[in-house]
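1. next one to model:
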Amino acid sequence: MKTKQQTVGARGEQEACNYLLGQGHRIVRRNWRSSHLELDIISLKDSILHIVEVKTRSAGAPVRPEVNVNSFKRQRMVKAAQAFLHSPDMFPGVQEVQFDVLTVEFDLCGNPRLEYFPAAFIPTFT
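-> Alright, predicted model coming up:
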């Protein structure tokens, strides 16, 4: 059985996918995993591969969702993206990789408010 947090997170990810689709993205993977690494959404638009971290919160959360995409989380996203780029799941035609953050906040009535941060950070590859 899913916890309330998992249910809210899954709903937020679906809202994020719907938003990206409406912006012309093609969702190519969701919740891609390699060992202990995970990418929430991988989408493609105009030959750009978007690595999208989704952060979801319910009304009244004390901290804005994007605050949780700290340097540790960004490093993990980059490592996961490197694993994806070298995996059999990768596909041809990608010219660029971009790291985005998409936040979803549900108000007291359950209505989502989304905020998209394209190119949220420039990765450092090691």
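
2. burial of residue 123, as a residue count?
-> A count of neighbours around residue 123, defined by other C-beta atoms under 10 Å, yields 16. For glycine as for every other residue, the C-beta is placed from the backbone atoms N, C-alpha and C.

3. meant to ask about residue 17, not that
-> Residue 17, neighbours per other C-beta under 10 Å, totals 19.

4. what's the nearest residue to it if we skip its chain neighbours?
-> residue 27 (5.5 Å; C-beta to C-beta, 6 or more residues apart in numbering).

5. return the list of helices and strands in contact with the one helix or strand that neighbour maps to.
-> Here residue 27 sits within strand 26-34, counting by DSSP states H and E. Contacts defined by 3 or more C-beta pairs under 8 Å, 6 or more residues apart in numbering; DSSP states H and E place strand 26-34 against helix 4-22, strand 37-45, helix 71-85.

6. CA-only coordinates of stretch 91-107 in CSV, if you can.
-> Extracted C-alpha coordinates of stretch 91-107, given in CSV (Å, rounded to 0.1, in the frame of the first residue of the first chain):
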residue,chain,number,x,y,z
PHE,A,91,18.5,6.3,-28.5
PRO,A,92,20.0,8.2,-31.5
GLY,A,93,19.4,11.8,-32.5
VAL,A,94,20.1,13.5,-29.2
GLN,A,95,22.2,16.7,-29.7
GLU,A,96,22.1,18.1,-26.3
VAL,A,97,21.2,17.2,-22.7
GLN,A,98,19.5,19.7,-20.4
PHE,A,99,18.7,19.4,-16.7
ASP,A,100,15.3,20.8,-15.7
VAL,A,101,13.3,21.0,-12.5
LEU,A,102,9.5,20.9,-12.4
THR,A,103,7.7,21.6,-9.2
VAL,A,104,4.1,20.7,-8.4
GLU,A,105,2.3,22.2,-5.4
PHE,A,106,-1.2,21.1,-4.6
ASP,A,107,-3.4,23.6,-2.9
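
7. thanks again, I'm all set now.
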